[in-house]
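how does the following fold in three dimensions:
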Amino acid sequence: MDYDCIVIGGGHAGIEASLAVSRLGFSTLLITQNPDRIGALSCNPAIGGLSKGNIVREIDALGGEMAKLTDATMIQYRVLNRSRGPAVQAPRAQADKQQYQQMARAVLEKQKKLSIFMDTVTDLIIENEDAATYGGGLGKIAGVITSRGHRISAPVVILASGTFMEGRIFIGEYDAPQGRLGEEAAMGLGANLRRLGFPLGRLKTGTPARIAGDSIDYSKLEKQDGDTPEPFSFVSCNITDRPSLPCWITYTNERTHEIIRANIRRSPLFGGKITGVGARYCPSIEDKVVRFPERTRHHIFIEPEGLFTNEMYMNGASSSLPEDVQRDFIHSIPGFEQARVVRPAYAVEYDYLDPLDLYPSLESKRLSGFFTAGQTNGSSGYEEAGAQGLMAGINAAMKLLGRPPLVLTRADAYIGVLVDDLTTLGTKEPYRMFTSRAEHRLVLRHDTADTRLCPKGRGVGLVDDERWEIFQKKAEALDEIRELLAQRKFSLFSDKTLNEALASHAGESLERCLTDTRVELADILPFAPELSAYPAEWLERARLDIRYAGYIEKENRAAAKAAKMDAIKLGPGMDYTAITGLSSEAREKLKTVRPITVGQAARIPGVRQGDIALLMVLAAKK
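Residues are numbered from 1 along each chain as shown. Take a look at the predicted model:
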């Protein structure tokens, strides 16, 4: 074998996958069309956001890299939904695009056992002799073939091609085989995967125009400053010295919408040239104008692309309209009357693999040793891609080691929700993570990611001794904080200034006082000065755990019940057509998804309680 593992693609999934496998001791080759574009932030210059910030911190807790890269390159930091409950709060950072790319590449180049190779993968090398062992599939992966004729062997391959597999961009009447504007698509692999019988489809995404910053009239825009920066990574040092650039808000208007409506036939999206399904939750500006005719304006968020560029990103104005139409509607927006377009907006259509064809380990059900991750699986977003890349990398390494895969549950992490949704429900449109998708979101707060996942990262070998020591010290400190709060009683005879709500808890523990929503940490600190020795983040973590203890316990009970169902295994080769008593809909759904546990089967739409009871009986007999 030339390598233990080959990773196809240098995006966020490819970065995490290649780092995970090589850090676990296996020789890894990352094949990318252009090493200069490793880690490119193709669309918005931001990492994190609602539920996505949680995913970034989960990647970090497992031993991944995205949080560290974000901390080192952020140019603005904000916590979203501060005014709402902790279950829906999340960090988000603007990142310097160029710095992010440079740092991502530097990390890869310094990593032992990891090599980078510039080429395009066009086909797979497959060994068929073991096909019967793998449920009558194709057999097992043996390597890849590139456009320049290289045959490179490896027992595991991870495909993370992003929007490049058979990619095509659209700007009005113009279209070209590209994965990003000015960058060639990866042609050939999609066609060969179809030839091999893989279920592929077409999806569409898009990006807005970039504007020269010095051509914007900021006096007509609303300024949006950032918060005091806090690290995404649980092991990052203080990052308060990072610069903080403002973002801005403006709005479209009736004139903008008139221009778009008058030229809607020139849009490839509405003219029929684009056949791929776009993201429902991130529509183009022309899509918004058509779908919401009653709206007189739409938000446009103006975000800086970096410290060393003049370009500004028009978040909310994705488009595939012709460039002359783009210029006209941009000039109709307040503050953009004289705006100069540096890069036009465009749509991109690309091939993806149906994620129902994957096990929860992200390994193909039809080709042993072949893993896929990121937009290749139908998801959208840097964070979702990075999470899948990390999990694919971990499980590729586990396969090489002959160990069982790491599969996170829906109660373990947003990453578990992401992978379970993709492999159990599938997707016909670009999948995007939301807090509403997670039924255990109070447990899955971003501040608890290390407690939930650091031990799992340690178990697979990605959390090193230094990181583990940091985690253990924090865990011990949290126990000390909770013990102090539980033992220290509040007395009315204290000469300290009293909060009126606190006064009603005379004789009770400080822990009990914090269950009162009117009592804050600042109110009790005078009665426990020892707490000032601990970081504010740890104190806040303890406060939230105390305040929502009842709800958390309820979620934990539900998670334990689900875990019992997930512990009942189903054979991947089970013949559901031969099981009498199953409903016809359940038979078809089970045959398509081929769940590996009763719990996964229960989450398939159309599978009824009676069907699950029957599967449990069959599993018990086996």
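
tell me where the stretch 501-622 of the chain has strands.
Using DSSP state E, counting those that start in this stretch, no strands are found in the stretch 501-622 of the chain.

pLDDT weak spots in it?
Residues of the stretch 501-622 of the chain meeting the criterion pLDDT under 70: none.

helices of that one, start to end?
510-514, 521-524, 536-547, 549-566, 584-593, 598-602, 609-621 (DSSP state H, counting those that start in this stretch).

which positions in the fourth one come out as buried?
This points to helix 549-566. Buried residues in helix 549-566, counting neighbours by 16 or more other C-beta atoms under 10 Å, are found at 552, 555, 559, 562, 565-566. Placement of C-beta: from N, CA and C, glycine included.

can I get it in PDB, CA atoms only?
Provided in PDB are the C-alpha atoms of helix 549-566 (Å, rounded to 0.1, in the frame of the first residue of the first chain):
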ATOM      1  CA  ALA A 549     -30.900  20.900  36.800                       C
ATOM      2  CA  GLY A 550     -34.500  19.700  36.600                       C
ATOM      3  CA  TYR A 551     -34.800  20.100  32.900                       C
ATOM      4  CA  ILE A 552     -31.400  18.500  32.300                       C
ATOM      5  CA  GLU A 553     -32.400  15.500  34.400                       C
ATOM      6  CA  LYS A 554     -35.500  15.100  32.300                       C
ATOM      7  CA  GLU A 555     -33.500  15.200  29.100                       C
ATOM      8  CA  ASN A 556     -31.000  12.700  30.500                       C
ATOM      9  CA  ARG A 557     -33.800  10.300  31.300                       C
ATOM     10  CA  ALA A 558     -35.100  10.600  27.700                       C
ATOM     11  CA  ALA A 559     -31.600  10.000  26.400                       C
ATOM     12  CA  ALA A 560     -31.100   6.900  28.600                       C
ATOM     13  CA  LYS A 561     -34.400   5.500  27.200                       C
ATOM     14  CA  ALA A 562     -33.200   6.100  23.600                       C
ATOM     15  CA  ALA A 563     -29.800   4.600  24.500                       C
ATOM     16  CA  LYS A 564     -31.500   1.300  25.400                       C
ATOM     17  CA  MET A 565     -33.100   1.200  22.000                       C
ATOM     18  CA  ASP A 566     -29.800   2.000  20.300                       C
END
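
flag every buried residue along stretch 588-601.
589-590, 593-601.

my bad, stretch 439-451
In stretch 439-451, counting by 16+ other C-beta under 10 Å, buried: 440-451.

could you do stretch 244-264 as well?
Those buried within stretch 244-264 under the rule 16+ other C-beta under 10 Å are 244, 246-248, 250-252, 256-257, 259-260, 263-264.

one more: stretch 274-284?
By 16+ other C-beta under 10 Å, the buried positions in stretch 274-284 come out as 274, 276-279, 282-284.

format those residues as TSV; extra columns: secondary structure and distance to Leu418.
Converted to TSV, the buried residues of stretch 274-284 look like this (DSSP: H, G, I helix; E, B strand; the rest coil; distance: C-beta to C-beta, whole Å):
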residue	secondary structure	distance to Leu418
Ile274	coil	26
Gly276	coil	21
Val277	strand	19
Gly278	coil	20
Ala279	coil	15
Cys282	coil	17
Pro283	coil	22
Ser284	coil	24
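
which ones are touching the closest residue to Gly10 other than its chain neighbours?
In space, and not counting its chain neighbours, Gly10 is closest to Thr32: 3.4 Å by C-beta to C-beta, 6 or more residues apart in numbering. Going by C-beta atoms under 8 Å, 6 or more residues apart in numbering, Thr32 touches 9-10, 14, 38, 116-118.

and Glu166, by the same measure?
So, once contact is read as C-beta under 8 Å, 6+ apart, Glu166 ends up touching 177, 185-187, 189-191, 350-351.

and with 10 Å instead?
Glu166 sits next to 177, 179, 185-191, 193-194, 200, 202, 349-352 when contact means C-beta atoms under 10 Å, 6 or more residues apart in numbering.

whichever of those residues end up buried, select them in PyMOL.
Buried members of those, defined by 16+ other C-beta under 10 Å, are picked up in PyMOL with:
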select buried, resi 179+185+186+187+188+189+190+193+200+349+350+351+352
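
just the ones in strands from the contacts of Glu166, please.
Under the assignment DSSP state E, the contacts of Glu166 contribute 179, 200, 202, 349-352 to strands.

how about stretch 578-586: buried residues?
582, 586.

quote the end-to-end distance of it.
End-to-end distance for stretch 578-586: 13 Å, by C-alpha to C-alpha, to the nearest Å.

the nearest residue to Leu269 once chain neighbours are set aside: neighbour count?
Nearest non-adjacent residue to Leu269, counting by C-beta to C-beta, 6+ apart: Ser320, 5.5 Å away. The local packing of Ser320 (other C-beta atoms under 10 Å) involves 33 other residues.

can you tell me the helix or strand for Ser320?
Per DSSP states H and E, Ser320 falls between elements, in no helix or strand.

that one against Ser284, yeah?
Yes: using C-beta atoms under 10 Å, Ser320 is in contact with Ser284, at 6.4 Å.

can you report phi and psi for the closest residue to Leu614 other than its chain neighbours?
What sits nearest to Leu614 in space, not counting adjacent residues and going by C-beta to C-beta, 6+ apart, is Gly581, at 5.1 Å. Gly581 adopts backbone torsions of phi 110, psi -20, taken as degrees, to the nearest 10.

Gly581 contacts Val617, correct?
Yes: using C-beta under 10 Å, Gly581 is in contact with Val617, at 9.2 Å.

can you give me the strands in the stretch 301-450 of the chain?
Under DSSP E, counting those that start in this stretch, the stretch 301-450 of the chain gives strands at 311-315, 341-343, 346-353, 367-368, 370-372.

longest helix in the protein, please.
Counting by DSSP state H, the longest helix found in the chain is helix 465-487.

name the helices or strands packed onto that helix?
helix 52-62, helix 449-460, helix 510-514, helix 536-547 (3 or more C-beta pairs under 10 Å, 6 or more residues apart in numbering; DSSP states H and E).

so for Val156, which of these sits nearest?
Among the helices and strands packed on helix 465-487, helix 449-460 comes nearest to Val156, with 15.1 Å by C-beta to C-beta.

do a quick rundown of the strands in the stretch 151-300 of the chain.
Under the criterion DSSP E, counting those that start in this stretch, the stretch 151-300 of the chain contains strands at 151-153, 156-159, 168-171, 174-176, 178-180, 183-184, 200-207, 210-212, 222-224, 247-251, 299-304.

now those in TSV, with distance to Ser18?
Below are these laid out as TSV (distance: least, C-beta to C-beta, whole Å):
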stretch	distance to Ser18
strand 151-153	14
strand 156-159	8
strand 168-171	26
strand 174-176	29
strand 178-180	19
strand 183-184	20
strand 200-207	23
strand 210-212	29
strand 222-224	36
strand 247-251	32
strand 299-304	29
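
hang on, Gly610 packs against Ser583?
Yes: with contact defined as C-beta under 10 Å, Gly610 reaches Ser583; the gap is 7.3 Å.

in the stretch 51-200 of the chain, which spans are helices?
Counting by DSSP H, counting those that start in this stretch, the helices of the stretch 51-200 of the chain are 52-62, 66-73, 97-110, 189-195.

how about low-confidence regions in the chain?
129-136, 492-498.

centre-most residue in it?
Glu384 (1.9 Å; C-alpha atoms, centre = their mean).

residue contacts, that one?
Going by C-beta under 10 Å, 6+ apart, Glu384 touches 12-13, 51-52, 55, 373-375, 377-378, 414-415, 418-419, 422, 430-433.

okay if I get the buried residues of stretch 588-601 as a markdown table plus distance to Glu173?
A markdown table is the format used below for those (distance: C-beta to C-beta, whole Å):
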| residue | distance to Glu173 |
| --- | --- |
| Lys589 | 42 |
| Leu590 | 46 |
| Val593 | 41 |
| Arg594 | 44 |
| Pro595 | 46 |
| Ile596 | 48 |
| Thr597 | 50 |
| Val598 | 53 |
| Gly599 | 50 |
| Gln600 | 46 |
| Ala601 | 48 |
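
Glu540: which of those residues is nearest?
Among the buried residues of stretch 588-601, Gly599 lies closest to Glu540 (C-beta to C-beta), at 33.4 Å.

thought that closest one was touching Ile612?
Yes: counting by C-beta under 10 Å, Ile612 is a contact partner of Gly599 at 9.2 Å.
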